[in-house]
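In: Need the 3D shape of this:
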Amino acid sequence: MGEQISSWNDKTRMAAEEVETCSFLHVHEDKIEQVQSLMPDEDTLNGLSDLFRVFGDGTRIRILYVLFEEEVCVCDIAALLGMTQSAVSHQLRILKNAHLIRSRRAGKTVYYSLADEHVRTLLSQGTEHIHEDD
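Out: Down below sits the predicted model:
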């Protein structure tokens, strides 16, 4: 997966170098007014930024993909990803605080799963997006 992300970053960087700009300055006031009326408020934009920041960590993405497939406990995640339970617990806390995962206790075991279908959709669409040009 690391190679895929690196490849996608390289493609994005190359595309950024090819971005064209207007050859003269002309502001389209009607478009600006329309878009401004539809823009979410600052709190919503900041919340969205915080949410995507959580997705910006490879370890958390790996954990989310484990939970995409199956409800599992910390021990299972640690074994699957070759991590310590402590390191996994730290990442799970961040994911839970962002409302991306949930937990349930069964006896002495705590199982984790994706919080809802929105998280599943974000992961699916993100994966689909990075594979569009493959």
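In: ok, how many other residues are close to residue 76?
Out: 16 (other CB atoms under 10 Å). For the C-beta atoms, the positions are set from N, CA and C on the backbone; glycine is no exception.
In: helix/strand/coil for it?
Out: At residue 76 the chain is in helix, as set by DSSP: H, G, I helix; E, B strand; the rest coil.
In: can you tell me how far residue 115 sits from residue 81?
Out: Taking CB to CB, to the nearest Å as the measure, residue 115 falls 20 Å from residue 81.
In: With residue 94 instead?
Out: Separation of residue 94 from residue 81 (CB to CB) stands at 15 Å.
In: got it, and residue 67?
Out: The gap separating residue 67 from residue 81 is 12 Å, by CB to CB.
In: Which one of these two is surrounded by more residues?
Out: The neighbour count for residue 67 versus residue 81, taken as other CB under 10 Å, is higher for residue 67 (24 against 16).
In: And for the nearest residue to that one once chain neighbours are set aside, the neighbour number?
Out: Nearest residue to residue 67 in three dimensions, chain neighbours excluded: residue 114, at 5.0 Å (CB to CB, 6 or more residues apart in numbering). A total of 21 residues lie near residue 114 under the criterion other CB under 10 Å.
In: Next up, phi/psi of residue 114, please.
Out: The phi and psi values for residue 114, taken as degrees, to the nearest 10, are phi -60, psi 150.
In: residue contacts, it?
Out: 64, 67, 68, 100, 101, 102, 120 (CB atoms under 8 Å, 6 or more residues apart in numbering).
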